Structure formats: C-alpha cells, structure tokens
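> Below are the sequence and a predicted model for it; my questions follow.
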Amino acid sequence: MSALAFAALLLLVQMVCPGLETGARAAEVDKLAATKPGHPGSPDAPKDEKPVDRSLRGHGGPIHAIRLNKTKTRALTGSFDYSMMYWDVSGNQPKELGRLDDHEHWVKAVEFLPGEKRALAAGGAEVWLWDLETGKSVHVFKGHTAEISSLAMSSDGKRVASASSDRTVRLWDLETLTPGPVLKGHKGPVNGVAFSKDNTVIYTASYDGTVRTWASDTGEFKRILYRHGFGINTMRRLPGGDQIVFGALNGKALVVDGNTGERVHQFKDIEGPFLATAIQEKPGLLALSGFQKKGGAVVGIIHVIRLGDWAGIEEYEDPRGPIWAMDFGTYGSTIYYGGKDDYVTEWQVTPRKPFETISGPIPRRYEVSKTAGPGELQFARKCSLCHTLTSDGGNRAGPTLYKVFGRKVGTLPDYPYSDALKKADIVWSEKTIELLFGLGPDHYLPGTKMPIQKISDPKKREALIAYLKVATQGESGSGASKGKSKNETEKQGSKEQ
Amino acid sequence: MARMKFLCDAERCIECNACVTACKNEHEIPWGINRRRVVTINDGKPGERSISVACMHCSDAPCMAVCPVDCFYQTDEGVVLHSKDLCIGCGYCFYACPFGAPQYPQVGNFGSRGKMDKCTFCAGGPEADKSDTEFKKYGRNRLAEGKLPLCAEMCSTKALLAGDGDVVSDIYRERVVSRGFGSGAWGWGRAYPGQGA
C-alpha cells in the first residue's frame, strides 16, 4: 500500500469514526499502522529476524531538535555537538545523508524549507540557512544576542521567526535573506513561536508566563493572549486553525484559542515540566513530552493525544530521562525523540511498544568509577562531553585530543574551528594547557567556541595534564578506548591527526 | 542532621525587598542578577500577596534531574548546590525549575549563557569552605560560619524563614493557629512533596 493510500485510509477512518472511544480509536490506528509496508505488524514484515535498530546514531552530544519532512522520509536533528544532521529515514535502516557542523554553538532548533532542499538550523544566537544537496551554508542570519530556542516557518515558506533567550523574536525574510521586524516586550526568554494560519499574526510564548500576539508585517505588539503565570517551555499552533498548544514548567499543558485567548482544553498534569511538542496533521495527533520522578528515578514522558476531542491515545515512559525533542514518524505510528544521549530513538506508538526494561543506572561518559584516578576524573567530568581521546573525534563539539601535545592550535583538518583558533599561534603543551584552564578559554583564546571552563585548583590541573599525556597517545593509552561508542568504532580513522 | 528549608509566609511579606538587597550585598552578586526576588500576586487588587522567591532546595530537585553533565549535588543538610567548573550553561535547569532560580550572569561567545548562578542557601559550593575561591564563585558560606541565610535573618517581619525544616514549619503552624488564617506556605508542596507546613 502506498503512503498516500495509507494516509487517505487513516483520514477516512477519522472522518467516519469521530466518536470512537480512545481504546477503539487506538485499535483502529493500530490496525492501519500494521498495513504499512515494513511495519512489524504488516504482512510483509520480516519474520523471525532480529528487530532493526532504527535509532539515528551519529551525533556526538545530547539531542535537542528533531524535525521530519512532510512525507516522513527525511529527518533533521540538532545537537549539543554544534551540528545539524540530515537523515534518510524512508527505509528499514536510517541512513546519514550529511552532517552540517559549521555552527559555533549548540543547535537547538531545526526546520525544513518547502521543497526540502534547504533547511534552517538555530546555532547559538544565529540562524543558519543550509543547502542540503551541497551541504554548504547559504546564509547566516545574525542579530540575536543570546541563544535561539525555537524556529517557526510561515506556511508559504517565505519567512522564519526565531525565538531567543534575549527576550525577543526576530523575523527573517528567506527570499531576500534580509532581517525583518524585531518583537520586543517579553520579560523573560522566549521559548516558543508560531505563525497564525494566515501568517498575519505571530504567537510567542515565554518564560515570563505569557503568550503574546504580534503583527507579523510590522512586529507591532497586539496583546497578551494568555497569562499562565509559570514559564512556558514549548508552544506550537495546531493545524487547521488558530488554536495553540503549550506546555509549561509547572507540568501543565493547555490548548488556547489564538483569537480570543480562551482556554479550550487542559491536559492531564505531570509532576515535572513539559519540554517539547510534536504535531501530526494526519490523522490528527499531538504529542507532549517532559519528565517526572518515578520510584526515585527520573523518567522521560510522552503523552500522545488525538486532536479535536483531546483523547489520550498512548502514554510512554523512558527510563533514560527527560525528552527534549521529538517529531512524529510515518502516519503518526512512530515518534522520533531525543534527550541526554547522543542518539535519536524511534518509538513505535502503535501497536504499542513499551521500553525494554533496563536494570541498573544508565552509564554516561561523564560518570566515572570510584577507582578512577584524579586526572581521569577531571577528564570525564569536565572534558568528555565534547572531546574524545581517540584518533576519531566522535562527532563531538570539540576536536579529538588524540596526540594533542605538540599540535598547533586549530590545525586538525576536518574540525570546523572558530576564526580565533585558526589564527592563534599556540602549540599545545603542558604549559599551554595549564594556561588554558588556569586563565579560562575565554581569556586565553578569546573568541573560541569552547565553553568557559576554568580549573582553579592547580593540583587538579596538574592531574588532568598528567592523565592527558598518557591517554592522548593512542589506543594503548590509559582510558583512551574507554566508553567508545559503536559509532566511534566504526568511524575510527576517518579523521586524521 | 537538620534538613534546611526556606518558608515564605505571604501574610507577612511587605514587599520591602530587603531580602533581595541583603543577598546581593552579602554575596557580591553582579548587576542584573538576583538570586532572590519578590513576586507580587494580584498587584493592586483585593487579595494581593507578596512572596520572596529563590531556590527552594527541593527534595527531588528537578534541576538535578535534567542536568546533562550532572553538575548538581545535595548536601547532607538538603541544600542543592552545583559546580560552576562543570556547568556548561545549557539552560536545562532553567527549563525545569518551577521557582525560576537558575540565573545566567554572563553572556558568552556566540550567544552561550555562561555559568549558571543561583541561591546557595548561603552554603557556598564545592570549593574549600570559607575560601576566597568559594566566595568568588558562589558567595559567602554562612552555614560554615554557623549562621543561617542572610535574607531570612534580615527579614523585618519574619515573613521569610530559613533553617531546620521541622522548626520553620512549627513556627508557621503556630502562626496560622494564632491568627486563625493562612494563605499557605507558598511553594512547599512543590518543593517538599508530602511535607505540608
């Protein structure tokens, strides 16, 4: 069955069975999903074979942004590793199509442009326009002074709005590549932005607890649409009209009428905050994610809700922690989501597939054993999020430290250094690494992408340097191969020192 | 060992902001950052109440749960502290804290946030107690000096209480009984679930 025919069938069920109870409705979605080619429940699903790992692996840092195209064949993901990745998710095994890593800060929002040949990535305070076919950046929109948390595209694809921690939203013209109005007035970081259905109004949601409306042509403030009180972490406009949905840090999520500001629906609370939303236009689904405590552990939460009557379809818990980003996969039968780990997981919503039981804590690379030496401890806690010790950089935010002693700053061929490091005339040695952490990267190498990271205790600096001298020498070095992911192993040697 | 808690009695807070000023002065907090602030609800209307808000040092602190580099820790006295050496300024704690405690005093390169700063319950940080380094990074360690947080010590109406959770909740309970009403110890239910004042 073709994708189009399947979508039509789902829509038909929605039209003829609007009053189905949640369970019956979920069963219908289930039944339909099972007819999707390759779906585990479909007639052509592989029999007696190990399930294919459909997670998206390749990033070198936690995931903060996921967006699929309309046909659910391509995906964009953004990460703390300063990159946006581009994926083919149409087949049984997702394929990496590109890694766009020139950004100078974390990528916390991504969007496809109409036609899907271009895409946008919010890298720190900048919006980068990428050509996905050439893998080259086309333009960088500059103007924000603090990190951008979300992007929204007008339905005609001509404008994009960026919401930032600098308390403003900026509009950008994607045809002329020029800046548009700046929306100023929120009293806290702006976390959500959306265009109205006719693109004339901009909705913004902020940490200041308000949803506001603005004229999209002039940027003029119109009104405070809704006062929630607590900070709003995520907001989207629902398809087909001007209702908006938002999730807040007090564990409440609401639908509000975008014209009147009246509360349309309030969803079931969670104990922790809501963090992300995803919308599937057909068959009409909404997902809200966040986290809460359960039995002393922190579990990620996804609630899948049917649009219109707001009935709960599924609830999902992931023991790996908060879910910061997600989007629906084919027909809404799966959800791609990400959090603290370096990969995106695909969860099968229908037929429901619960998370496999995990025994014991989930190891992360910054966690070290009690027997680790002081230098290894310093590396694991302060460096390992962004650097590997192997010949491969592991796609992390910083370059590999493999054989770093004696290397001139900014000279690894495949790593996208900041201009400051390209121009720096420094060779890494015990003395220069000591100065880097003694003074702090922002003072020793002004303009570096490296976060402000000082180690004020000289003994700790000494221990770190002693550890690095051994561990950066290669695979035989102490700890050099520890915690190496499958991805790193496969890519071993792909980058040269 | 005592479990340290804050309690703000909204019936007594007069919005004088002395707690905010005392905190800034004691810890030499840079301009633009307030570890503590006073929030007024229903301003100018019947039922107006003011509340002094800072990090509540929650029992199950959501900031600890979301941190991608695990930079938070909780002391034996229940005070939630963090290491600025480990913090990468990602802002995740900011999205999780219901009290708006995390602050970012410095804008780094390319729009990065810089290191997070928040109320320490006047308990310093992971550096050596009462050291110069600890003071510069986290402010005064009054607990190590045998004192309680200055914001509560300074409060002229004793709306803001800080100290052993059992003691402050007893004081509040006595007040409610004595005056015959109370608008609730704001934030207690969320910060310390199952331990109503």
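Perfect, thanks for sending it.
> pLDDT below threshold where in chain B?
Where chain B drops to pLDDT under 70, the residues are B:106-111, B:183, B:195-197.
> Helices of that one, residue ranges please.
Counting by DSSP state H, chain B has helices at residues B:18-27, B:62-66, B:92-96, B:132-138, B:150-154, B:165-179, B:188-191.
> Repeat that for chain A.
Listed in chain order (using DSSP H), the helices of chain A are A:3-16, A:22-33, A:374-382, A:419-423, A:430-439, A:441-444, A:458-471, A:486-490.
> rank those helices by pLDDT, which is bottom?
Mean pLDDT per stretch puts helix A:486-490 lowest among the helices of chain A, at a mean of 32.
> which stretch among the helices of chain B comes nearest chain A?
With distances scored as CB to the nearest CB, the stretch of the helices of chain B nearest to chain A is helix B:62-66 (4.1 Å). For glycine as for every other residue, the C-beta is placed from the backbone atoms N, C-alpha and C.
> Please see if that closest one touches chain A.
Yes. Helix B:62-66 reaches chain A (CB under 8 Å from any CB of the partner chain) through B:62, B:65-66.
> Tell me the one among the residues you listed nearest to residue B:190.
The closest of these to residue B:190 turns out to be residue B:62 (CB to CB; 9.5 Å).
> Now do that closest one: how many residues are near it, please.
26 (other CB atoms under 10 Å in any protein chain shown).
> go on, the one 3 residues further on?
Under the neighbour criterion other CB under 10 Å, residue B:65 is assigned a count of 22.
> do the same with residue A:138
Residues contacting residue A:138 under the criterion other CB under 10 Å number 12.
> got the contact list for residue 158?
All of this is about chain A. Neighbour list for residue A:158: A:173-175 [criterion: CB atoms under 8 Å, 6 or more residues apart in numbering or on different chains].
> my question was about chain B
Shown here is residue B:158, whose contacts under the criterion CB under 8 Å, 6+ apart are B:9, B:12.
> From residue B:175, how far off is it?
Using CB to CB, to the nearest Å, we find residue B:158 at a distance of 9 Å from residue B:175.
> tell me, what's touching those two both at once?
Taking CB under 8 Å, 6+ apart as the contact rule, residue B:158 and residue B:175 both touch residue B:9.
> rewinding a little: and the buried ones among the contacts of residue A:158, selectable in ChimeraX?
The command below creates a ChimeraX selection of those among the contacts of residue A:158 that count as buried (16 or more other CB atoms under 10 Å in any protein chain shown):
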select /A:174
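> residues near residue 160, how many?
All of this is about chain A. Around residue A:160 sit 25 other residues, with neighbours defined as other CB under 10 Å.
> actually it's chain B I care about, not the one you picked
What residue B:160 shows, counting by other CB under 10 Å, is a neighbour count of 27.
> Residue A:280 now?
When counting by other CB under 10 Å, one arrives at 24 neighbours for residue A:280.
> does it have beta-bridge partners, and which?
Beta bridges link residue A:280 to residue A:285 when assigned by DSSP bridges.
> mind checking pLDDT for it?
Note on residue A:280: pLDDT of 96.
> What of residue A:44?
47.
> if we can go back for a sec, would you mind putting the contacts of residue A:158 into a markdown table with distance to residue A:238 and pLDDT alongside?
Formatted as a markdown table, the contacts of residue A:158 follow (distance: CB to CB, whole Å; pLDDT from 0 to 100):
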| residue | distance to residue A:238 | pLDDT |
| --- | --- | --- |
| A:173 | 26 | 98 |
| A:174 | 23 | 97 |
| A:175 | 27 | 96 |
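> By mean pLDDT, point me to the weakest helix or strand of chain A.
helix A:486-490 (a mean of 32; mean pLDDT, DSSP states H and E).
> Out of the contacts of residue A:158, which sit inside strands?
Using DSSP state E, the members of the contacts of residue A:158 that fall in strands are residue A:173.
> What about chain B: which of the contacts of residue A:158 touch it?
If you filter those for contact with chain B, counting by CB under 8 Å from any CB, you are left with nothing.
> Show me which of the residues of helix B:62-66 next to chain A is closest to residue A:289.
The nearest one, if we look at the residues of helix B:62-66 next to chain A relative to residue A:289 and count by CB to CB, is residue B:66, at 12.6 Å.
> Count the residues that sit near that closest one.
Other residues near residue B:66 number 27, with proximity taken as other CB under 10 Å.
> show me the contacts for it.
When the contact criterion is CB under 8 Å, 6+ apart, the partners of residue B:66 are A:291, A:298, A:321-322, B:92-93, B:95-96.
> likewise residue A:464?
Contacts for residue A:464 were tallied using CB under 8 Å, 6+ apart; they are A:375, A:378-379, A:382-383, A:433, A:437, A:455.
> near chain B, from these?
Checking those against chain B (CB under 8 Å from any CB), the matches are A:382, A:455.
> and the contacts of residue A:464, which are buried?
Buried by 16+ other CB under 10 Å: A:375, A:378-379, A:382-383, A:433, A:437, A:455, out of the contacts of residue A:464.
> Give me the buried positions along stretch A:86-101.
Buried residues in stretch A:86-101, counted by 16+ other CB under 10 Å: A:86-87, A:89, A:94, A:97-101.
> try stretch A:408-426
When burial is assessed from 16+ other CB under 10 Å, stretch A:408-426 yields the following buried residues: A:409-410, A:412, A:417-418, A:420-421, A:424.
> Which two of those residues have the greatest separation?
A:412 and A:420 (15.2 Å).
> if we can go back for a sec, against chain B, which of the buried residues of stretch A:408-426 make the cut? List them.
The residues of those that also fall near chain B, by CB under 8 Å from any CB, are residue A:418.
> Run through the residues that contact the residue lying closest to residue A:196 once chain neighbours are set aside.
In space, and not counting its chain neighbours, residue A:196 is closest to residue A:242: 5.3 Å by CB to CB, 6 or more residues apart in numbering or on different chains. If you count contacts by CB under 8 Å, 6+ apart, residue A:242 has them with A:196-197, A:201, A:257-259.
> and if we set it to 6 Å?
Contacts were defined as CB atoms under 6 Å, 6 or more residues apart in numbering or on different chains; by that measure residue A:242 touches A:196-197, A:258-259.
> for chain B, what spans make up the strands?
In chain B, the strands defined using DSSP E lie at B:4-8, B:37-41, B:49-53, B:72-74, B:80-82, B:160-164.
> Dump these into a markdown table; add distance to residue A:309 as well.
As requested, the strands of chain B are arranged in a markdown table below (distance: least, CB to CB, whole Å):
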| stretch | distance to residue A:309 |
| --- | --- |
| strand B:4-8 | 41 |
| strand B:37-41 | 34 |
| strand B:49-53 | 38 |
| strand B:72-74 | 41 |
| strand B:80-82 | 41 |
| strand B:160-164 | 46 |
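> Out of the ones you listed, indicate the one that is most buried.
When you average the neighbours per residue for each of those (mean count of other CB atoms under 10 Å in any protein chain shown), strand B:4-8 leads with a mean of 26.
> relative orientation of it and strand B:37-41 in degrees?
40 degrees (axes from the mean of the first three to the mean of the last three CA atoms, to 10 degrees).
> ok, and the closest non-adjacent residue to residue A:266?
On the basis of CB to CB, 6+ apart, the spatially nearest residue to residue A:266 that is not a chain neighbour turns out to be residue A:254, at 5.0 Å.
> In the sheet, which residues pair with residue B:123? Tell me.
Applying DSSP bridges to residue B:123 gives these bridge partners: residue B:141.
> I'd like to know how many residues surround it.
A count of nearby residues for residue B:123, using other CB under 10 Å, gives 23.
> out of the strands of chain B, which comes closest to chain A?
Evaluated over the strands of chain B, closeness to chain A peaks at strand B:37-41, with 8.6 Å, by CB to the nearest CB.
> Tell me the neighbouring strands of that closest one, and mark each as parallel or antiparallel.
According to DSSP bridges, strand B:37-41 has the following sheet partners: strand B:49-53 (antiparallel).
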